[in-house]
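**Student:** Quick one, what's the 3D model for this:
(one chain, ligands or ions: 1)
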Amino acid sequence: MLNLDLSNVAQFLPGGWRTGQEPGLRKAHDYVLGGTGAGGEYTGWVRLPADYDREEFDRIQKAAAKIRSDSKALVVIGIGGSYLGARAVIETLTSNNYNLTHKDGPAVYFAGNGLSADAMNEVIELVKDVDFSVNVISKSGTTTEPAVAFRIFKALLEEKYGKEGAKGRIYATTDAKRGALKGLADKEGYETFVVPDAVGGRYSVLTAVGLLPIAAAGVDIDALMSGAREEMELLAKPGMDNPAWQYAAARHALYDAGKRIEILAGYEPSFRFFGEWWKQLFGESEGKQGKGLFPASVEFTADLHSMGQYIQQGERLMIETVVRFDTARSKITIPDDPENVDGLNFLSGRSLGFVAEQAMRGTILAHVDGGVPNILLTAPARDERSLGGLIYFFEFACGLSGYLLEVNPFDQPGVEAYKNNMYALLGKPGYEAQKAALEKRLDS
Ligand SMILES: O=P(O)(O)OC[C@H]1O[C@](O)(CO)[C@@H](O)[C@@H]1O
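**Tutor:** Alright, predicted model coming up:
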């Protein structure tokens, strides 16, 4: 079970900050659970850890087993919510060096999450001479980055295995009925998995979107779902002792008190992509109508030697949320050195974990002294259950937070602005007038 420690928040807030938020939270809780608030048609993730499609879950396990047996590499094509969750879970539970350290099963490469030719060519080089499969993931089926990448990797597979052979190596995760990718998958006969209508991209990691690549990397998705389910049951109970209520209340009260940035900090390098997932979750959910805490993430202690300076003494705009894993997976003991030239013998025989724990405790107090409120979230271990719980905790708290902020936590209309300009500049049919207007501005 997760443990939330808010003892370093109260000193930054006026008295009564918790109780003052209770009515808003009660309303937000009902909106999230009942799907009755703005964007309520996208609350399909709320009951997902209990109500998921068992038949599809079995197919995911089977497809993952097939990929593990016939592929040395899996190319996961998707952007935003269609890749960040899978990458976050795979790396957090294995290693940020997964492709170097994994023992069996495929290397996992992510493509279609940008438009860099160099990055794409690198993945092509890495997979072209080994047996590989592709999981293309796009809820809309029309997002440019993954669609372009899929054209390229589909052609590569067809060249290598022929059309028929390629077909058995392409897995498409998309809308059940609509979209260009669904049409293509049906036409070509790919195995398909569904992004449910009621689940938006950034809330989709516990659907086939995340589960297929995660299972292909050898992670126990049953345990991941169990952890999420336990958290779901816990958070369904309304009240100020609900940890998601407390987290949402704290960050909202701090926002009202003038804080503008929330930094998610972890002490495990493997946790870095969880921060990327979390940033999309909160950034797309809350950043609208001129509102919202800007979500940032850091990796400690590495970033204490870069961003640490700003956090300690820069603009007093931020709050810090630290995610800590209670038990380490492995241990390293610091050796004794009879000469003690580095003066570190006071640490001889101590574990590195002990040093890291003191670094974390000291950092929290230093940052609090520097005016940065601290929220500490402890998960039992860096394992499937804890991570399932963490994912659900943040999703639920994000839904509540969005409603406290009086925005729709489930839409992302702002993302269309860049897409429209890009389509116009690329000469997409129907965008002719916009193209001319944009080019005039760019040339002036
Ligand atoms: O799965 P899709 O439809 O390709 O979308 C990918 C991502 O793009 C966005 O829609 C933003 O454009 C995100 O919300 C989403 O996670």
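**Student:** Just give the closest residue to the residue of the stretch 151-300 of the chain found nearest the ligand, not the sequence neighbours.
**Tutor:** Residue nearest to the ligand within the stretch 151-300 of the chain: residue 201 (2.6 Å; CB to the nearest ligand atom). C-beta here means a position set from N, CA and C on the backbone, and glycine is covered the same way. Closest residue to residue 201 in three dimensions, ignoring its sequence neighbours and counting by CB to CB, 6 or more residues apart in numbering: residue 81, at 2.7 Å.
**Student:** check contacts around the residue lying closest to residue 260 once chain neighbours are set aside.
**Tutor:** Closest residue in space to residue 260, ignoring its immediate chain neighbours: residue 317 at 4.4 Å, by CB to CB, 6+ apart. If a contact means CB atoms under 8 Å, 6 or more residues apart in numbering, then residue 317 has 258-261 as its contacts.
**Student:** which bits of the stretch 1-150 of the chain sit near the ligand?
**Tutor:** Proximity of the stretch 1-150 of the chain to the ligand is confined to 79-82, 138-140, 143, 146 under the rule CB under 6 Å from any ligand atom.
**Student:** For those residues, give me CSV that also has secondary structure and pLDDT.
**Tutor:** Below are these laid out as CSV (DSSP: H, G, I helix; E, B strand; the rest coil; pLDDT from 0 to 100):
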residue, secondary structure, pLDDT
79, coil, 98
80, helix, 98
81, helix, 98
82, helix, 98
138, strand, 97
139, coil, 94
140, coil, 91
143, coil, 95
146, helix, 98
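**Student:** Whichever of those residues end up buried, select them in ChimeraX.
**Tutor:** Of those, the buried ones can be selected in ChimeraX as follows, counting by 16 or more other CB atoms under 10 Å:
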select :79,80,81,82,138,139,140,143,146
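**Student:** Need the contact partners of the strand or helix carrying residue 163.
**Tutor:** Per DSSP states H and E, residue 163 falls inside helix 144-167. Contacts to helix 144-167, defined as CB under 8 Å, 6+ apart, come from residues 75, 77-79, 82, 111-115, 120, 124, 127-128, 132, 134, 136-138, 141, 168-170, 180-181, 188-190, 419, 422-423.
**Student:** Provide a PyMOL selection command restricted to the buried entries of these.
**Tutor:** Applying 16+ other CB under 10 Å to the contacts of helix 144-167 leaves a buried subset, and the PyMOL line that selects it is:
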select buried, resi 75+77+78+79+82+111+112+113+120+127+132+134+136+137+138+141+169+170+181+190+423
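**Student:** Next, name the residue at the spatial heart of this structure.
**Tutor:** residue 277 (1.9 Å; CA atoms, centre = their mean).
**Student:** neighbours around residue 156, how many?
**Tutor:** The criterion is other CB atoms under 10 Å. On that basis, residue 156 has 18 neighbouring residues.
**Student:** mind starting the numbering at 53 from now?
**Tutor:** Understood, numbering begins at 53; the last thing we discussed is residue 208.
**Student:** can you pull the pLDDT of it?
**Tutor:** In the predicted model, residue 208 carries a pLDDT score of 98.
**Student:** one step back: show me what counts as buried in the helix holding residue 215.
**Tutor:** Under the neighbour-count rule (16+ other CB under 10 Å), helix 196-219 has 197-199, 201-202, 204-206, 208-210, 212-213, 218-219 buried.
**Student:** Stretch 73-81 too?
**Tutor:** Judged by neighbour count using 16+ other CB under 10 Å, the buried positions of stretch 73-81 are 73, 76-77, 80-81.
**Student:** and if you look at stretch 366-374?
**Tutor:** Under the neighbour-count rule (16+ other CB under 10 Å), stretch 366-374 has 370-374 buried.
**Student:** Equivalent analysis for stretch 53-60, please.
**Tutor:** Going by neighbour count (16+ other CB under 10 Å), the buried part of stretch 53-60 is 54, 56, 58, 60.
**Student:** Mark which of the residues you listed are part of strands, please.
**Tutor:** Among the buried residues of stretch 53-60, the subset assigned to strands under DSSP state E consists of 56, 58, 60.
**Student:** In contact with the closest residue to residue 252 other than its chain neighbours: list those residues for me.
**Tutor:** In space, and not counting its chain neighbours, residue 252 is closest to residue 94: 4.8 Å by CB to CB, 6+ apart. Under the criterion of CB under 8 Å, 6+ apart, the contact partners of residue 94 comprise 250-252, 255, 462-463.
**Student:** any chance of these in CSV, plus distance to residue 155 and neighbour count?
**Tutor:** Output for the contacts of residue 94, formatted as CSV (distance: CB to CB, whole Å; neighbours: other CB atoms under 10 Å):
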residue, distance to residue 155, neighbour count
250, 37, 17
251, 32, 23
252, 35, 24
255, 32, 28
462, 39, 26
463, 42, 16
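**Student:** still on that earlier bit, could I get the helix holding residue 215 in PDB with only the CA atoms?
**Tutor:** These are the backbone C-alpha positions of helix 196-219, laid out as PDB (Å, rounded to 0.1, in the frame of the first residue of the first chain):
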ATOM      1  CA  THR A 196       1.200  11.900 -38.000                       C
ATOM      2  CA  GLU A 197       4.300  10.700 -36.100                       C
ATOM      3  CA  PRO A 198       3.300   7.100 -35.500                       C
ATOM      4  CA  ALA A 199       1.500   6.900 -38.900                       C
ATOM      5  CA  VAL A 200       4.700   7.900 -40.700                       C
ATOM      6  CA  ALA A 201       6.800   5.500 -38.600                       C
ATOM      7  CA  PHE A 202       4.400   2.700 -39.200                       C
ATOM      8  CA  ARG A 203       4.600   3.100 -43.000                       C
ATOM      9  CA  ILE A 204       8.400   2.800 -42.700                       C
ATOM     10  CA  PHE A 205       8.500  -0.300 -40.400                       C
ATOM     11  CA  LYS A 206       5.600  -2.000 -42.300                       C
ATOM     12  CA  ALA A 207       7.600  -1.700 -45.500                       C
ATOM     13  CA  LEU A 208      10.700  -3.000 -43.700                       C
ATOM     14  CA  LEU A 209       8.800  -6.000 -42.400                       C
ATOM     15  CA  GLU A 210       7.300  -6.700 -45.800                       C
ATOM     16  CA  GLU A 211      10.600  -6.500 -47.500                       C
ATOM     17  CA  LYS A 212      12.100  -8.900 -44.900                       C
ATOM     18  CA  TYR A 213       9.300 -11.500 -44.500                       C
ATOM     19  CA  GLY A 214       6.900 -10.900 -47.400                       C
ATOM     20  CA  LYS A 215       3.400  -9.500 -47.000                       C
ATOM     21  CA  GLU A 216       2.100 -12.700 -45.400                       C
ATOM     22  CA  GLY A 217       5.000 -13.100 -43.100                       C
ATOM     23  CA  ALA A 218       4.800  -9.500 -42.000                       C
ATOM     24  CA  LYS A 219       1.200  -9.800 -41.200                       C
END
